[in-house]
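1. the following comprises the amino acid sequence and a computationally predicted model.
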Amino acid sequence: MIFREALRSLKNSRAKAVFYWLTFFITTALLFVYFNMEYASTQGKSEIYMDSFGLADIMQLLEKGNAGNLMMVFVVIMCAIDLLFCNDFFVKNKAKELAVRLICGATYIQLAMYLLIQTVVLLLAAVPLGIAAGYGLLGLMNRLLAAAGETMTVTVSSYAIAEFTTVLTFIVFWTVLLNCSFAYKSGAVLLAGGNMSAMKDKGSYGLGAKKYVRYLLNLGALVLTVLPLYNFFSGSGALAVSMVIGSVGLSRVISEIFLPFLTGLNRRSASRNTVRMTANGFLRQDLKYAGITIYLLLCDLMIVMTMMFSRNNTSLEYLLVIVTYISISILQSLALMFRLETDISSREKQFVILSQVGVSAKEQKSIIQREVMMFYLLTGGLIALYGGTALYSLSRDSLITGGQMILLISSALIPVIVIAVLTYLYYLQVAAGAKTARSEQLSSH
């Protein structure tokens, strides 16, 4: 009974299930390729171990440690984070179904099983295809290595398969744990008479400090935001460290300077431009909720660039890092989309209210277009600003060719353009659901 209803739910949410499946598929294929390439790249090389965890030791490990091992650890961590956002999006869209089941007397175990069955079905569909795709990618890698004059070939090894199986088991366990925790949390919230919007993060961006202290903090944040650009232009290197520091400043600049600016803009133009005012309000909410994924994307790209250009990599290691860069760009862009759409999925009531106060369907569509365009233009602009500046600095020092620059910047921006279109289409579905809910309200009166 539960199995049949879980499959029906999966069928009814095909679009969301496809993206969930796609994340599992890419993760599986990526890990399969990684562990086999990592094993091939470590053959005949001595490892570097850390005696302590100081900054100098970490930098030495990044510069001289085995690229395969470093990229493997990095990718596993990023895949776990991406699955967190993806799973959050998928299961929170099941909140209404869980509420109905809870009202009908379902237990926590039944709620968890309802989610787990759907997850397991998607895993069973994604993992074999991911392994097959990974096997095909290994052949492509060998052709690229042969074209570069390398005699080394990457083959499937039992050692790499054992590592791959272990990490894949960890990912499955991680996903199961997330689903169980969501079932428990949703049950507690709904039984307490709350709603699923109460499960959002309610972080506060302000500090209870005096005005002049906030001014000093904001000034410091501006300096930290510009610091990576200065470091890139001055050729001081340390792309990853500079970007992490810059992200700290950027986070405060957006939350304490840009968002209050949007609020003031809305107050000054209140009731004069409904579309702009509403889109600005939604943009504030987007940046509060999904801003962390933008900073993660920027930092991840700089970490991989550091691995690419601050080391003497072999052809296999360089190819491995290039694959990492492209894969992380896609996965982190998907994570950004999932994080944003998790918040968008709860806006049906807000669009019902907009309809009630007289905002037309055409104006609502304009609001969505403006909001999505501003959010992703900001995201793409930050990638172009920091990534483009870093690549220009590397080009000036003759560390990168024009073709490599085009490959890297397009690999970062194209996924953002694609997810912008997908977010817009999903947003239209949410607005259409609000229109249906509004029609039902009118017909009931």
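-> Sure, I can see it.
2. low-confidence regions, this protein specifically.
-> Residue ranges of the chain with pLDDT under 70: 1, 41-69, 108, 148, 150-152, 178-210, 235-238, 269-271, 310-313, 437-445.
3. spatially central residue in it, please.
-> Closest residue to the average C-alpha location of the chain: Ala335 at 2.2 Å, with Cα atoms, centre = their mean.
4. what's the helix or strand hosting that residue packed up against?
-> Per DSSP states H and E, Ala335 falls inside helix 315-344. When contacts are defined as 3 or more Cβ pairs under 8 Å, 6 or more residues apart in numbering; DSSP states H and E, helix 315-344 packs onto helix 14-42, helix 67-92, helix 108-147, helix 274-309, helix 402-444. The C-beta positions use only the backbone N, C-alpha and C, and glycine is treated the same way.
5. save those as JSON lines, and put in distance to Ser393 and mean neighbour count too.
-> As requested, these are exported to JSON lines (distance: least, Cβ to Cβ, whole Å; neighbours: other Cβ atoms under 10 Å):
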{"stretch": "helix 14-42", "distance to Ser393": "27", "mean neighbour count": "22"}
{"stretch": "helix 67-92", "distance to Ser393": "22", "mean neighbour count": "21"}
{"stretch": "helix 108-147", "distance to Ser393": "27", "mean neighbour count": "17"}
{"stretch": "helix 274-309", "distance to Ser393": "10", "mean neighbour count": "21"}
{"stretch": "helix 402-444", "distance to Ser393": "11", "mean neighbour count": "16"}
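6. so which of those helices comes closest to Glu317?
-> helix 67-92 (4.0 Å; Cβ to Cβ).
7. distance check, the residue lying closest to Met302 once chain neighbours are set aside against Leu224.
-> Spatial nearest neighbour of Met302, chain neighbours left out: Met243 (3.8 Å); criterion: Cβ to Cβ, 6 or more residues apart in numbering. As defined by Cβ to Cβ, to the nearest Å, Met243 lies at a distance of 11 Å from Leu224.
8. name the helix or strand for the nearest residue to Phe282 once chain neighbours are set aside, please.
-> Residue nearest to Phe282 in three dimensions, not counting chain neighbours: Glu371, with 4.6 Å by Cβ to Cβ, 6+ apart. Assigned by DSSP H and E, Glu371 belongs to helix 361-396.
9. between that helix and helix 315-344, how many degrees?
-> If you take axes from the mean of the first three to the mean of the last three Cα atoms, to 10 degrees, helix 361-396 sits at 160 degrees to helix 315-344.
10. circling back: list the contacts of the residue nearest to Phe282.
-> Each residue near Glu371 by Cβ atoms under 8 Å, 6 or more residues apart in numbering is listed here: 279, 282-283, 286, 427.
11. want to try CSV for these, with distance to Tyr295 as columns?
-> As requested, the contacts of Glu371 are arranged in CSV below (distance: Cβ to Cβ, whole Å):
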residue, distance to Tyr295
Ala279, 23
Phe282, 20
Leu283, 17
Asp286, 14
Tyr427, 23
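12. let's have the helices and strands packed on helix 315-344 in a markdown table, adding distance to Leu168.
-> Shown next, in a markdown table, are the helices and strands packed on helix 315-344 (distance: least, Cβ to Cβ, whole Å):
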| stretch | distance to Leu168 |
| --- | --- |
| helix 14-42 | 7 |
| helix 67-92 | 10 |
| helix 108-147 | 7 |
| helix 274-309 | 21 |
| helix 402-444 | 24 |
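13. select, out of those, the one closest to Ile257.
-> Taking the helices and strands packed on helix 315-344 one by one with Cβ to Cβ, helix 274-309 is closest: 11.7 Å.
14. tell me what the closest one is packed against?
-> Under the contact definition 3+ Cβ pairs under 8 Å, 6+ apart, helix 274-309 sits against helix 67-92, helix 239-253, helix 259-268, helix 315-344, helix 361-396.
15. right, so those: which one is the most enclosed?
-> Sort the helices and strands packed on helix 274-309 by mean neighbour count, taking mean count of other Cβ atoms under 10 Å, and helix 315-344 sits at the top with a mean of 23.
16. helix or strand right after it?
-> From helix 315-344, the next helix or strand downstream (DSSP H and E) is helix 348-356.
17. buried residues in that following helix?
-> 348, 351-352, 354-355 (16 or more other Cβ atoms under 10 Å).
18. would CSV of those with distance to Leu408 be doable?
-> Shown next, in CSV, are the buried residues of helix 348-356 (distance: Cβ to Cβ, whole Å):
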residue, distance to Leu408
Glu348, 39
Phe351, 39
Val352, 44
Leu354, 41
Ser355, 44
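19. which among the residues you listed gets closest to Glu5?
-> Using Cβ to Cβ, the buried residues of helix 348-356 come closest to Glu5 at Glu348, 23.1 Å.
20. tell me how far the closest one lies from Lys362.
-> The value you get for Glu348 to Lys362, if Cβ to Cβ is used, is 19 Å.
21. tell me if I'm right that Cys86 and Trp21 touch.
-> No. With contact defined as Cβ atoms under 8 Å, Cys86 does not count as touching Trp21 (10.0 Å).
22. residues near the residue lying closest to Tyr39 once chain neighbours are set aside, how many?
-> Spatially, and ignoring its direct neighbours in sequence, Tyr39 is nearest to Ala160 (4.3 Å; Cβ to Cβ, 6+ apart). Neighbourhood size, Ala160 [other Cβ atoms under 10 Å]: 21.
23. which SSE is Ala160 in?
-> helix 158-191.
24. can you check Lys11 too?
-> helix 2-12.
25. ok, Thr153 next?
-> Counting by DSSP H and E, Thr153 is part of no helix or strand.
26. I'd like to know how many residues surround it.
-> Using other Cβ under 10 Å: Thr153 sits among 14 other residues.
27. which residue is the nearest non-sequential neighbour of it?
-> Asn142 (5.0 Å).
28. contact partners for the residue nearest to the centre of the chain?
-> With Cβ under 8 Å, 6+ apart, Ala335 has these contacts: 81-82, 85-86, 293, 296-297.
29. just the closest of the residues you listed to Ala29, please.
-> Asp82 (13.7 Å).
30. thought the closest one was touching Leu22?
-> No. Asp82 is not in contact with Leu22 according to Cβ under 8 Å; the separation is 11.1 Å.
31. now for those two: what residues contact both?
-> Contacts common to Asp82 and Leu22, judged by Cβ under 8 Å, 6+ apart, are Leu334.
32. Leu399: neighbour count?
-> Per other Cβ under 10 Å, the neighbour tally for Leu399 reads 14.
33. test my guess that it contacts Phe309.
-> Yes. Assessed by Cβ under 8 Å, Leu399 is found in contact with Phe309 at 5.1 Å.
34. that older thread, closest to Thr153 out of the contacts of Ala335?
-> Asp82 (30.0 Å).
35. what distance do you get for the closest one to Ile417?
-> 19 Å.
36. now do Leu331
-> Note on Leu331: its distance to Ile417, by Cβ to Cβ, is 16 Å.
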